[in-house]
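Novice: Kindly generate the corresponding structure for this input.
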Amino acid sequence: MRYHRLVFCTLTASFLLIWQSVASEASPMAEAGRLFKERLTAAAVTPETGTATAPITPQDIPGSVVLIGSSDGRGSGFLCRLWGVPVIVTNAHVYARMYQSTIEDGRQYRYTPKAALISRKRDLALIEADIPTDRRLFEIAENLATTPLKTPANAYGDSLGARVITVLNGQLLGIGPDEIEISAGIVPGNSGGPVVNQKMEIIGVATYLKLLSADANMLEGTRFGAHTTQNNSGVRRFAIRIDNLDPQEFEIFDPVQQQKDLNVFQYLTTANANFRRAIKNEKGMALWIAFHRVYRRVNPFWNYQGSILYLNKLIVQEQRLMATASSLLNLPLHMLTPQENRMVNHLFQQISRYRRDNFRCNVCNGRGELPDTRLQDGRTYSYQSDNSRKICPECSGLGQANVPYYNIMRTSPISVRYPKFRIASVAPGVDQATTLKLLQAGDDAAPLNVNGIFQLYTLPGNHAYYQATNTYLTFVARRLSAINIQFPAGQSLWEELKQDLIQKFGKPTVDFDYGTLLGYVVFEYPEGVIMLTNEDRGIRLTARHYLLTELEMRFLENLGKKLFIPQKNNSGKLERNFFM
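Specialist: Residues are numbered from 1 along each chain as shown. Model prediction:
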């Protein structure tokens with residue numbers, strides 16, 4: 001409902017410096033918030049008494065309704081007497097999502113917040129400020145639950161953020177335990193503004209609208225279908241009740257922590273938006289590279305929790321989107337240390353010495369064509385030309401492939417630390433021969449060699465998990481970069497695997513369990529990560545080595561969209577699960 005302008009930031013290390021520069025200690029306003037909450041708690045038991053004031057009239061509105069705004073957007077608020085205490089009331093999504101907002105009324109008086117509280121249960125914010133003695137304060141209507149429907153319910157506020165206070169007339173359409181429905185045409189900018197009855201008493205805080213969509217004649221003949229748009233959508237409008245509040249449901253607002261929360265939220269929102277754009281433009285390996293570029297710096301925010309519940313909910317939504325992308329592509333979210341980055345650069349340069357840009361096609365041995373052996377009588381005939389040969393399908397008749405290629409090194413130059421965990425008896429980073437031996441791979445386990453730098457294995461089942469269907473291994477320069485164990489779908493199996501991992505490795509770093517057949521659990525270590533993903537197509541247990549994964553992505557980025565597979569599998573295609 002707030003008139004909001006999206007501000008996109010650039011995903012660079014400078015953001016991390018800004019984020020880390022925010023002080024972690026509480027601000028003076030946080031201490032004032034504690035005292036403010038104590039005052040309201042005491043007043044809720046014994047309401048404070050003050051000078052009696054006459055009811056508000058329409059002429060008092062410019063001084064009793066406030067405009068709240070910043071570079072992030074605009075909203076509304078109002079002066080109110082809550083348990084006898086003068087406060088400014090608005091929505092949490094107005095005040096908490098605006099950094100360094102200004103509060104002023106129609107008489108050009110600017111309020112300076114002294115303290116603020118945010119509700120855990122409702123979209124509400126209470127602000128303490130010095131209120132001029134000549135201002136009229138709204139009173140809260142009593143016995144709202146018994147108020148007849150269809151009575152007047154008029155809304156005041158900064159409609160569309162135009163910095164003018166408007167009145168929108170309407171009626172009370174419905175009453176709930178925390179909200180009311182009104183017909184007044186509130187729009188973005190009205191959020192946080194007062195909704196009053198015919199006595200100019202507060203019956204709610206304008207908060208949000210809901211668009212209704214329905215098929216065919218579902219809404220025909222009802223008030224929900226009386227005013228439809230071209231998209232067959234109706235609009236319902238709601239306000240938050242404040243006549244039945246409990247002071248204990250409010251949290252102390254700290255502007256210092258708010259800045260940190262908003263920075264993290266903006267960073268995650270922008271990262272997710274960038275990746276959504278990549279999904280539209282990229283496919284296959286290019287999508288994995290885009291994921292790596294976008295999310296490589298988000299690791300500090302995996303476990304980040306907002307200072308107040310409202311902001312934390314926003315952050316968790318973005319974290320869940322990241323988790324979904326990470327689980328679908330089977331890639332970890334991790335930021336390497338400067339030392340690890342230097343090691344990756346060194347290894348990449350060392351291995352790159354073995355690069356060859358041109359090499360002969362191993363299928364046609366560089367000839368570009370193959371004998372047509374479809375006829376058994378020794379005769380030959382044209383397949384794609386008039387001669388007795390057919391064009392090699394591997395190199396399209398070129399005889400050579402002009403793509404980045406790296407020779408397989410008999411002795412790997414990589415020396416990395418092993419993570420302090422093992423999956424199916426192996427730890428990422430172990431050399432290829434040891435891994436295959438530990439996994440009891442038979443002699444018939446043939447690797448799929450990609451550009452001479454990746455070796456990919458598919459093994460049936462898994463000796464450590466009898467429920468497993470397949471085990472996929474990714475080696476980078478003869479070191480295990482990732483092990484991926486596939487399981488059939490099943491909620492009971494998911495719970496069993498999850499509890500087994502928790503028992504072995506402790507509390508997970510990330511635990512997003514969306515319910516039946518959808519979940520994502522992450523266990524992080526300094527050198528690697530374990531990821532358990534639950535999807536409708538099956539369960540996937542993955543262990544990855546951070547440094548080798550970074551090296552793997554570096555090579556994939558260097559290769560671009562050009563891959564050459566000298567040895568193909570039976571189907572002649574590279575399976576997605578091999579890489580990710």
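
Novice: need the longest helix for this structure.
Specialist: The longest helix of the chain (DSSP state H) is helix 255-281.

Novice: what's the helix or strand for residue 318?
Specialist: Using DSSP states H and E, residue 318 falls within helix 309-329.

Novice: Tell me the buried residues in that helix?
Specialist: Across helix 309-329, burial judged by 16 or more other C-beta atoms under 10 Å covers 310-312, 314-316, 318-319, 321-327, 329. Any C-beta I mention is one placed from the backbone N, CA and C, and that applies to glycine too.

Novice: any idea of the mean pLDDT in whichever helix or strand comes after it?
Specialist: Following helix 309-329 in sequence order, the next helix or strand is helix 338-352 (DSSP H and E). Taken as a whole, helix 338-352 carries a mean pLDDT of 86.

Novice: pLDDT at the residue most central in space within the chain, what is it?
Specialist: When C-alpha atoms, centre = their mean is applied to the chain, the residue found nearest the centroid is residue 318 (2.3 Å). For residue 318, the pLDDT comes out at 90.

Novice: Is it correct that it is in contact with residue 270?
Specialist: No: using C-beta atoms under 8 Å, residue 318 is not in contact with residue 270, being 9.5 Å away.

Novice: On the strand side of things, show who the nearest residue to residue 240 once chain neighbours are set aside bridges to.
Specialist: Leaving aside its sequence neighbours, residue 240 sits nearest to residue 205 (C-beta to C-beta, 6 or more residues apart in numbering; 4.5 Å). Beta bridges link residue 205 to residue 194, residue 240, judged by DSSP bridges.

Novice: Could you check how many residues crowd around residue 205?
Specialist: For residue 205, the neighbour count with other C-beta atoms under 10 Å is 32.

Novice: hang on, isn't residue 197 packed against residue 148?
Specialist: No: between residue 197 and residue 148 there is no contact, the gap being 10.5 Å when judged by C-beta under 8 Å.

Novice: neighbour count winner among these two?
Specialist: Neighbour totals were compared for residue 197 and residue 148, and residue 197 leads with 17 against 7 (other C-beta under 10 Å).

Novice: In contact with that one, which residues?
Specialist: Going by C-beta atoms under 8 Å, 6 or more residues apart in numbering, residue 197 touches 141, 147, 151, 152, 153, 172, 203.

Novice: Just the residues you listed: which are in strands?
Specialist: 172, 203 (DSSP state E).

Novice: ranking the contacts of residue 197 by neighbours, who comes first?
Specialist: residue 153 leads the contacts of residue 197 on contacts (other C-beta under 10 Å) with 27 neighbours.

Novice: so what pLDDT did that residue get?
Specialist: pLDDT recorded at residue 153 is 95.

Novice: ok, the residue lying closest to the residue nearest to the centre of the chain once chain neighbours are set aside - how many residues close by?
Specialist: For residue 318, ignoring the flanking residues on the chain, the nearest one in space by C-beta to C-beta, 6+ apart is residue 268 at 3.7 Å. Look at residue 268: counted by other C-beta under 10 Å, it has 22 neighbours.

Novice: residues near residue 149, how many?
Specialist: There are 12 residues near residue 149, going by other C-beta under 10 Å.

Novice: Relative to residue 154, how far out is residue 201?
Specialist: Distance, residue 201 to residue 154, using C-beta to C-beta, to the nearest Å: 11 Å.

Novice: hang on, the earlier thing: now do the contacts for the residue nearest to residue 318.
Specialist: Counted by C-beta under 8 Å, 6+ apart, residue 268 has contacts 298, 301, 315, 318, 319, 321, 322.

Novice: dump the residue contacts of the fourth one.
Specialist: I take that to be residue 318. Residue 318 neighbours (C-beta under 8 Å, 6+ apart): 265, 268, 269, 271, 272.

Novice: quick one: which of the residues you listed is nearest to residue 417?
Specialist: Nearest to residue 417, judged by C-beta to C-beta, of the contacts of residue 318 is residue 271 at 28.5 Å.

Novice: and the closest one, how many residues sit next to it?
Specialist: Neighbours of residue 271 using other C-beta under 10 Å come to 23.

Novice: Find the residue closest to it in space, skipping its chain neighbours.
Specialist: Counting by C-beta to C-beta, 6+ apart, residue 271 lies nearest to residue 294, which is 5.4 Å off, once chain neighbours are set aside.

Novice: Would you mark the buried spots in whichever strand or helix holds that neighbour?
Specialist: Using DSSP H and E, residue 294 sits in helix 285-295. Neighbour-count burial for helix 285-295 flags 285, 287, 288, 289, 290, 291, 292, 294, 295 (criterion: 16+ other C-beta under 10 Å).

Novice: likewise stretch 132-141?
Specialist: Quick answer for stretch 132-141 (16+ other C-beta under 10 Å): 135, 136, 137, 138, 139, 140, 141.

Novice: How about stretch 81-92?
Specialist: By neighbour count on 16+ other C-beta under 10 Å, the buried set for stretch 81-92 is 81, 82, 83, 85, 86, 87, 88, 89, 90, 91, 92.

Novice: Kindly present those residues as a markdown table, with separate columns for secondary structure and distance to residue 176.
Specialist: Supplementary listing: the buried residues of stretch 81-92 in a markdown table, determined by DSSP: H, G, I helix; E, B strand; the rest coil; distance: C-beta to C-beta, whole Å:
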| residue | secondary structure | distance to residue 176 |
| --- | --- | --- |
| 81 | strand | 24 |
| 82 | strand | 20 |
| 83 | coil | 22 |
| 85 | strand | 26 |
| 86 | strand | 28 |
| 87 | strand | 23 |
| 88 | strand | 25 |
| 89 | strand | 19 |
| 90 | strand | 20 |
| 91 | coil | 17 |
| 92 | helix | 18 |
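
Novice: And those residues, which is closest to residue 551?
Specialist: Comparing the buried residues of stretch 81-92 against residue 551 with C-beta to C-beta picks out residue 92 as the nearest, at 44.9 Å.

Novice: That closest one touches residue 117, doesn't it?
Specialist: No: counting by C-beta under 8 Å, residue 92 stays clear of residue 117, with 9.7 Å between them.

Novice: So for the two, which residues contact both of them?
Specialist: residue 125.

Novice: check contacts around residue 243.
Specialist: Taking C-beta under 8 Å, 6+ apart, we find residue 243 in contact with 140, 141, 142, 144, 202, 203.

Novice: what about 7 Å?
Specialist: Listed by C-beta atoms under 7 Å, 6 or more residues apart in numbering, the contact partners of residue 243 are 140, 141, 144.
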